[in-house]
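Peer 1: Build the 3D model from these lines:
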Amino acid sequence: MNNNENGTRHGNAGSGENRRPYGERNHGPQKRRRKRIPKTGEVRKITQERPRPKEVKPSEVRLNKYISNSGVCSRREADKLIENGRVKVEDEVVTILGHKVQPGQTVKVDDKEISPTKKTYILLNKPKDYITTTHDPQNRKTVMDLVQDVDAERVYPVGRLDRNTTGILIFTNDGELAQRLMHPRGQVTKIYSVELNKPIEQKHFYKLKNGIKLFDGWMKPDKIAMVDPEDPRKIGVEIHIGRNRIVRRMFEALGYEVEKLDRVIYGGLDKQGVARGTWRNLTEKEITQLQRVSRIR
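Peer 2: Below is the predicted model of the structure:
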């Protein structure tokens with residue numbers, strides 16, 4: 001059988017009857033068409049016709065964060081103020097911890113209006129005979145007496161130093177940072193210069209180095225070293241634990257009395273150039289340093 005006569009095979013493609021008119025689209029496999037690139041003028045026109053982005057409205061803030069940013073206290077302490085009914089929003093008492101403050105609303109703590117302030121960070125070289133508290137019922141000297149000339153609405157000490165302990169004490173109105181620096185799981189390094197009432201015995205030195213048990217748990221310094229080989233009463237201690245009077249108690253447990261205790265390093269910051277009883281503002285680099293070391297691990 002002649003395939004060209006019956007048109008049943010490829011030969012029909014060349015017959016005059018079945019041949020498609022010139023220019024008519026073939027229904028076979030199609031080639032991908034190239035995407036048309038608009039001209040410069042068209043691109044500009046399309047760009048100009050795009051809608052403008054909506055304006056970003058000020059976001060609402062959790063009440064405890066608002067209080068903390070106002071320099072009143074940390075967020076944790078702010079929660080207690082809220083629960084105790086000492087906080088008002090728009091003159092109405094709020095006791096819900098998750099309450100959010102809308103932009104422009106008035107917030108009061110103990111009927112005193114507050115507002116977020118510029119963050120302030122200072123380093124004080126604390127002298128002896130000053131209590132680390134914001135208020136003392138017995139009218140004793142407090143560290144707040146030493147920072148009265150700070151150019152900020154209110155700052156408060158981060159942590160505590162004993163009355164007779166000297167050295168670095170950080171003040172701020174950044175409640176968020178203060179809370180992280182004081183957190184029990186924090187790893188903020190503190191180095192103390194210790195002077196004992198008598199030379200330490202070698203067996204006691206190594207016992208401290210390996211750790212001792214106190215009434216509130218195990219205590220092992222991160223590092224301990226003799227500061228002056230000629231004077232075994234002077235010792236350097238590095239810790240990150242923040243328990244009350246921990247350095248004094250570890251020596252007292254072995255029969256020693258701490259005559260002088262000076263905090264010389266806090267979170268990598270030193271007090272070089274800061275006279276006893278005076279303070280200075282932290283640099284941006286030092287603030288970043290504290291924010292870095294205060295991350296909870």
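Peer 1: rest of the way, CA atoms for contacts and neighbours
Peer 2: Fine.
Peer 1: mind listing the helices for the stretch 101-250 of the chain?
Peer 2: 175-182, 202-210, 246-252 (DSSP state H, counting those that start in this stretch).
Peer 1: Please identify the deepest-packed of those helices.
Peer 2: helix 175-182 (a mean of 22; mean count of other Cα atoms under 10 Å).
Peer 1: so where do the strands sit in the stretch 101-250 of the chain?
Peer 2: Counting by DSSP state E, counting those that start in this stretch, the stretch 101-250 of the chain has strands at residues 107-109, 112-114, 121-126, 156-157, 166-172, 190-196, 212-214, 217-219, 223-228, 231-239.
Peer 1: Out of those strands, which is closest to S70?
Peer 2: strand 112-114 (6.3 Å; Cα to Cα).
Peer 1: ok, back up a step: now the weakest link among the helices of the stretch 101-250 of the chain, please, by mean pLDDT.
Peer 2: Mean pLDDT is lowest for helix 175-182 among the helices of the stretch 101-250 of the chain, at a mean of 86.
Peer 1: Packing partners of it?
Peer 2: For helix 175-182, the elements it packs on are helix 63-69, helix 75-83, judged by 3 or more Cα pairs under 8 Å, 6 or more residues apart in numbering; DSSP states H and E.
Peer 1: Give me the below-cutoff pLDDT ranges for this protein.
Peer 2: Within the chain, the segments meeting pLDDT under 70 span 1-58, 153, 296-297.
Peer 1: Domain-wise, how is it divided?
Peer 2: Structural domains assigned to the chain are 61-114, 119-182+272-297, 189-266, following automatic domain parsing.
Peer 1: Which among the strands of the stretch 101-250 of the chain is found nearest to C73?
Peer 2: Among the strands of the stretch 101-250 of the chain, the nearest to C73 by Cα to Cα is strand 156-157 (8.0 Å).
Peer 1: And that closest one, what does it pack against?
Peer 2: strand 166-172.
Peer 1: centre of the chain versus stretch 59-66, how much separation?
Peer 2: 17 Å (Cα atoms, centre = their mean, to the nearest Å).
Peer 1: Ends of it, what's the gap?
Peer 2: 12 Å (Cα to Cα, to the nearest Å).
Peer 1: which residues are in contact with it?
Peer 2: 75-76, 78-79, 82, 97-103, 115-116, 176 (Cα atoms under 8 Å, 6 or more residues apart in numbering).
Peer 1: can you name the two of those that are farthest apart?
Peer 2: R76 and P103 (22.5 Å).
Peer 1: between the two, which one's more packed in?
Peer 2: R76 (14 against 11; other Cα atoms under 10 Å).
Peer 1: How many residues are close by T142?
Peer 2: With other Cα under 10 Å as criterion, T142 counts 17.
Peer 1: I'd like the distance between it and L196.
Peer 2: For T142 relative to L196 (Cα to Cα), the value is 26 Å.
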